[in-house]
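1. my questions concern the predicted model and sequence given below.
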Amino acid sequence: MRLDLATLFMMTTAVTFTVGVLFLLSWGQTRRERSLVVWGVAHLIGSFASLMLALRGQIPDSLSIGLANALMIGAYGLIWSGVRAFEGRRLRLDWALAGAALWLAACAVPAFFESLAARVSLASTLAGLYCASGALLIWRGRGEPLVSRYPALALLATYAGLYWARVPLAVTMPLPVSVAVASPWFAILCFTGTLFSVAIAFVFMALTKERAEREQRLAAETDALTGIANRRALVAVAERRLAIEPAALLLFDLDHFKTINDRYGHSVGDAALAAFCHIAAPLLPPEAVFGRMGGEEFACLLPRLDERAAARVAERIRAGVAGFAQPDYPDLRMSVSVGVAAEGQIGGSLDYLLRRADDALYRAKRAGRDRVVTCEGDPLPLAEEVSGTGLRAGRRSRMRSP
């Protein structure tokens, strides 16, 4: 079956224009996502370029070859620039349009303009570079887990490979300029261009949707003041971890926090909560689940640690908080009391751990605050330390593994 080339070009024009409008409409609903407007403009320019290519033979070659391909290369440059914007980088419109400028400069050379092989080679190289660079940017941004990231990567990389494959074909199987429009090359290019427009629209819009959903989910699971997990997120993750492995729980309570608020104001109190998290987070193991339970109370689940090991972690944090100093408030002192409980069996109850840790925390408060108390032991006195561990111990401490 032979497809009519003019019909294919017109179909590509219509599809690409529609995709561009959809990108702009999506941007109208999500103005902060600049990539959508860049991709929308790129597709509108690409649709105009396709229309000029469809008019090959009816308009001057300087337009249907020179300007049309410059616009098409510029559209790919803008797609690349949109990927940069999506990944939080500068747009770099200068580099996005550099390919089109290079194409126009080359077309000013008669020998180049008259050589179909040279034109195909340069246009394919430039378009492939933009697609490959976009794929590389998406790969580098893989730290943000989005499901559609890898389909987008595969799509751009595949299209770059298809463009670059045209370069050796143009050299080894050159076509006379007079039959260029009638060749299957143009039909294939036109058809793949249509598929690319539809596929890239689907994948890129999916990327922006997944990012928005992820940001909303993170916002719902994050404590706005401290930036760590809120109570709901902490409980959900901790229950999942307890279902598959034993763990210990640390329950923190900032000592005399109401006094800090009353004496220095709520803004300093809020800063104290954030400072505690800033001190504690680096001292926790990578697999720790750390969150704010509410007010000045925090909790941390430590997978695969027994009570003794968890208490050592708690003591490092207690000591770090005790050493906190703020030059603007030299009289401000912070301390934290910690209750420790452990569950040695898989499938433990978080509620049970919380009750035991809360009981240990209560005993730490009664013993004078600024100390770590385990569920199985008495308050740990401040006068002595276990050498090499940083864990304070005393004559009456009874630290035992569950």
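-> Ah, there it is.
2. every contact and neighbour count from this point should use C-alpha atoms.
-> Will do.
3. how much space separates the nearest residue to Asn261 once chain neighbours are set aside from Gly368?
-> With C-alpha to C-alpha, 6 or more residues apart in numbering as the criterion, Asn261 has its nearest non-adjacent residue at 5.1 Å, and that residue is Gly269. Distance of Gly269 to Gly368, computed by C-alpha to C-alpha, to the nearest Å: 21 Å.
4. middle-most residue in the protein, spatially?
-> Closest residue to the average C-alpha location of the chain: Glu144 at 2.5 Å, with C-alpha atoms, centre = their mean.
5. so that one: helix, strand or coil?
-> Each residue gets one of three states, and Glu144 gets coil by DSSP: H, G, I helix; E, B strand; the rest coil.
6. how about the one 3 residues further on?
-> Classification of Val147 into helix, strand or coil gives coil, according to three-state DSSP.
7. before we move on, back to that, the more surrounded of Gly269 and Gly368?
-> For Gly269 and Gly368, the more surrounded residue by other C-alpha atoms under 10 Å is Gly269, and the numbers stand at 19 against 13.
8. flag the shaky bits of the chain, pLDDT-wise.
-> Under the criterion pLDDT under 70, the flagged ranges of the chain are 1-6, 174-190, 377-402.
9. strands of that one, residue ranges please.
-> 247-254, 289-294, 297-303, 336-343, 372-374, 385-386, 391-392 (DSSP state E).
10. what's the most buried one of those?
-> strand 372-374 (a mean of 33; mean count of other C-alpha atoms under 10 Å).
11. show me what that strand is packed against.
-> Packing contacts for strand 372-374, counted by 3 or more C-alpha pairs under 8 Å, 6 or more residues apart in numbering; DSSP states H and E, involve helix 307-322, strand 336-343, helix 350-366.
12. what about it, distance to the chain center?
-> The chain centroid and the centroid of strand 372-374 are separated by 38 Å under C-alpha atoms, centre = their mean, to the nearest Å.
13. contacting residues around that strand?
-> Strand 372-374 has contacts (C-alpha atoms under 8 Å, 6 or more residues apart in numbering) with 307, 311, 314-315, 318, 337-341, 357, 360-361, 363-364, 379-380, 399.
14. rerun at 7 Å
-> 311, 314-315, 337-341, 360-361, 364, 379-380 (C-alpha atoms under 7 Å, 6 or more residues apart in numbering).
15. list the buried residues in stretch 12-30.
-> 12-24, 26-27 (16 or more other C-alpha atoms under 10 Å).
16. brain fart, stretch 100-116
-> Those would be 100-101, 103-104, 106-107, 113, 116, for stretch 100-116 by 16+ other C-alpha under 10 Å.
17. which ones are touching Val313?
-> For Val313, the contacting residues are Leu284, by C-alpha under 7 Å, 6+ apart.
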